[in-house]
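S.K.: need a structure here:
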Amino acid sequence: MAKDHGPSIKNDKQYEGLREKGMSKSRAAAIANSEGSSSRGGKSSGAGSGGHTAQKKAAGRKGGKASSKS
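M.R.: Residues are numbered from 1 along each chain as shown. Presented below is the predicted three-dimensional model:
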């Protein structure tokens, strides 16, 4: 069961989970107290899903620097 972190934390269970992952107290509190936090907080943020690279491939582009034509 989640500890009670006082009236300043709305979602104690989520706050504890974020703190265990190494998040700062203020950042974990901000996420746990935000609207719709249960659907957002603690989920991986694109790093594991390859979001940016997948978007480029879908658009038919490659990574790297743009080449200039003279």
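S.K.: touching, residue 15 and residue 6? I think so.
M.R.: No. The pair residue 15 / residue 6 is not scored as a contact, 10.4 Å apart, by CB atoms under 8 Å. The way it works is simple: take the backbone N, C-alpha and C, and place the C-beta from them, glycine included.
S.K.: comparing those two, which residue is more hemmed in?
M.R.: In this view residue 15 and residue 6 are compared by other CB atoms under 10 Å, and residue 15 has more residues nearby, 26 against 7.
S.K.: and the more buried one, how far from residue 32?
M.R.: 4 Å (CB to CB, to the nearest Å).
S.K.: mind listing the strands for the chain?
M.R.: Counting by DSSP state E, no segments of the chain form strands.
S.K.: name the nearest residue to residue 33, sequence neighbours excluded.
M.R.: residue 10 (4.8 Å; CB to CB, 6 or more residues apart in numbering).
S.K.: the one you found and residue 25, how far apart?
M.R.: Relative to residue 25, residue 10 is positioned 15 Å away (CB to CB).
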